[in-house]
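Participant: predicted structure and sequence below. I'll ask about it afterward.
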Amino acid sequence: MNLSLYERIHELHGAMPWGSVLDAGTGPGSMRWLLSLATDRWTAVTGSPRMADVVRKQVGEQMRSNDRLIVGNWLEPELLAGETFDVALADYLLGAVDGFAPYWQDQLLPRLRPHVGGRLYVVGLEPYVPHVPSDAAGRLVNEIGRLRDACLLLSNDRPYREYPLHWVLRHLELARFRVLDAQRFPVRYGERFVNSQLDMCVQALDKLRDRSVAVALQSHIAALRDRALAFVAREGGIRHGSDYIVVAEPI
């Protein structure tokens, strides 16, 4: 059975209680998992008011009186000042934070450290945009990522900036964490990945002033979508790259 990354975190946590949990970069996936845990309380943080609305609707009546959903930026020194949690989750946060705090990723782990009383789980994705792989699946994922980022940049948005596992391990040590475990998990991308990434391109094109460029890119997006979905149908997915989970605790 293929376990999700959240199920793997559950296995890594073992029989330890969850207690108070900090979801340092919340979204629908991490919140769905968080709501399934036997926590005493949770605090979920996002830098996006739009994401907060999505998560708030998802939580609905499951939010307890001591649970919190906060819109905030980890650049703000007053955010959760003096608060400590038994468990903290940084779920693809390193990649996303560049949109809210550019060139600040090296400070994120030290910023989180005072809030980690027990365990920190870092979930990330090995970067696939900077490199051009030699295999067909890798080239296809790379092409989707580069087109997505190009469309975002043309629309005056900032793309995600993922960091590799070796970078995370090095910076956890600098932030005075002890790494207990680190594992990679192969990725198989499916239709949802293809459509979500290329839909992001389409939405970005609405902001382009040069409509001739937008029209040309629309055609390119449609052709790439057809190729990628055909590859998924033929091969059962696009197998390329890996996610990773790091388990750490403060020293």
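Facilitator: Great, that's in hand.
Participant: phi, psi of the closest residue to residue 26 other than its chain neighbours?
Facilitator: Excluding the flanking residues, the one nearest residue 26 by Cβ to Cβ, 6 or more residues apart in numbering is residue 44, at 3.7 Å. No exception for glycine: its C-beta is placed from N, CA and C like everyone else's. When read as degrees, to the nearest 10, the backbone of residue 44 gives phi -120, psi 130.
Participant: count the neighbours of residue 44 for me.
Facilitator: Residue 44 has 25 neighbouring residues, counting by other Cβ atoms under 10 Å.
Participant: what's opposite it in the beta bridge?
Facilitator: Under DSSP bridges, the beta-bridge partners of residue 44 are residue 23, residue 69.
Participant: okay, helices next: where are they in the stretch 101-250 of the chain?
Facilitator: 105-112, 136-154, 165-174, 191-205, 211-235 (DSSP state H, counting those that start in this stretch).
Participant: could I get the average pLDDT for the first one?
Facilitator: Predicted confidence along helix 105-112 averages 96 (mean pLDDT).
Participant: check what contacts it and list those residues.
Facilitator: 24, 74, 88, 90, 93-94, 97-98, 101, 120, 161, 163, 168, 171-172, 174-177 (Cβ atoms under 8 Å, 6 or more residues apart in numbering).
Participant: can we see that at 7 Å?
Facilitator: 24, 74, 88, 90, 93-94, 97-98, 120, 163, 171-172, 175, 177 (Cβ atoms under 7 Å, 6 or more residues apart in numbering).
Participant: buried ones in that helix?
Facilitator: 105, 108-109, 111-112 (16 or more other Cβ atoms under 10 Å).
Participant: repeat that for the fourth one.
Facilitator: For helix 191-205, the buried set under the neighbour-count rule, 16+ other Cβ under 10 Å, comprises 193-194, 197-198, 200-202, 204-205.
Participant: can you pull the contacts of the residue nearest to residue 26?
Facilitator: Contact analysis of residue 44 by Cβ under 7 Å, 6+ apart lists 23, 26, 31, 55, 69.
Participant: do that again at 10 Å, thanks
Facilitator: When contacts are counted by Cβ atoms under 10 Å, 6 or more residues apart in numbering, residue 44 touches 21-27, 30-31, 34, 51-52, 55-56, 59, 63, 67-70, 89.
Participant: reformat the buried residues of helix 105-112 as JSON lines; add distance to residue 225.
Facilitator: Conversion of the buried residues of helix 105-112 to JSON lines gives the following (distance: Cβ to Cβ, whole Å):
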{"residue": "105", "distance to residue 225": "31"}
{"residue": "108", "distance to residue 225": "33"}
{"residue": "109", "distance to residue 225": "37"}
{"residue": "111", "distance to residue 225": "38"}
{"residue": "112", "distance to residue 225": "37"}
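Participant: ok, those vs residue 218, which is closest?
Facilitator: Residue 218 lies nearest to residue 105 out of these, by Cβ to Cβ, at 32.6 Å.
Participant: and that closest one, how far from residue 221?
Facilitator: 29 Å (Cβ to Cβ, to the nearest Å).
Participant: still on that earlier bit, looking at the buried residues of helix 105-112, which is nearest residue 181?
Facilitator: For the buried residues of helix 105-112, the nearest to residue 181 is residue 109 (16.5 Å; Cβ to Cβ).
Participant: for that closest one, which non-adjacent residue is closest in space?
Facilitator: Using Cβ to Cβ, 6+ apart, the closest residue to residue 109 is residue 175 (4.0 Å).
Participant: distance check, that neighbour against residue 76.
Facilitator: As defined by Cβ to Cβ, residue 175 lies at a distance of 18 Å from residue 76.
Participant: which ones among the contacts of residue 44 lie within strands?
Facilitator: Secondary structure defined by DSSP state E assigns 21-23, 68-70, 89 of the contacts of residue 44 to strands.
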